[in-house]
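Visitor: okay, predicted coordinates and the sequence, questions at the end:
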Amino acid sequence: AKWYCSKTFFWSVIYPLIIAESSGAATIGLASEMMAGAKSLSFLGYPVEFVKVMPTAEANSQICCILGDLNMGAYLGQRRAFELDSDNSVYFANDQIGLRCTERIGINTFGVGDTTDPGPIVALITAAS
């Protein structure tokens, strides 16, 4: 399982929680981890994965952070096979070949649970105003 959130949300919301919980000791530990070349940060014992598609600020009734194991709660499927096409007539004057590669995938997330029964993927939803 991992936390999935934006960098902005982590540094503006989660990091202050880490600092408040550890009375400032986390600042020293986090700085030493980053200087030692740690590849990932962690929160409550789970690694944090930064994703660009998650919200960057907390707002009312919004999913701003996800905790879960995507291997147990989502499928990634191929909808159209990988195709490679080439064309040498367009760039003929420059002795070049044009290449086009396409593939179509689909994602099915099924393990999100509901408000009473958690699934392998749970979300942090901010309170309504």
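Guide: Yep, it's here. Being a predicted model, the structure only gives us computed values, none of them experimental.
Visitor: what's around the nearest residue to G68 once chain neighbours are set aside, how many residues?
Guide: The shortest distance from G68 to any non-neighbouring residue, by C-beta to C-beta, 6 or more residues apart in numbering, is to I121 (3.2 Å). The C-beta positions use only the backbone N, C-alpha and C, and glycine is treated the same way. Using other C-beta atoms under 10 Å, the number of residues around I121 comes to 20.
Visitor: and I121, what's its pLDDT?
Guide: I121 is assigned 86 on the pLDDT scale.
Visitor: contacts only, for it.
Guide: Counting by C-beta atoms under 8 Å, 6 or more residues apart in numbering, I121 makes contact with I66, L67, G68, D69, L70, M72, G73, A74, T109, G111, V112, G113.
Visitor: give me the buried subset of these.
Guide: Those of these that meet the buried threshold are I66, L67, G68, L70, G73, A74, G111, by 16 or more other C-beta atoms under 10 Å.
Visitor: three-state assignment of the first one?
Guide: On the three-state scheme (DSSP: H, G, I helix; E, B strand; the rest coil), I66 is labelled strand.
Visitor: that one and F82, how far apart?
Guide: 29 Å (C-beta to C-beta, to the nearest Å).
Visitor: ok, F43 to F9 distance?
Guide: Counting by C-beta to C-beta, the gap from F43 to F9 is 11 Å.
Visitor: for L67, same thing?
Guide: For L67, the distance to F9 equals 13 Å [C-beta to C-beta].
Visitor: just C64 next, same as before
Guide: 5 Å.
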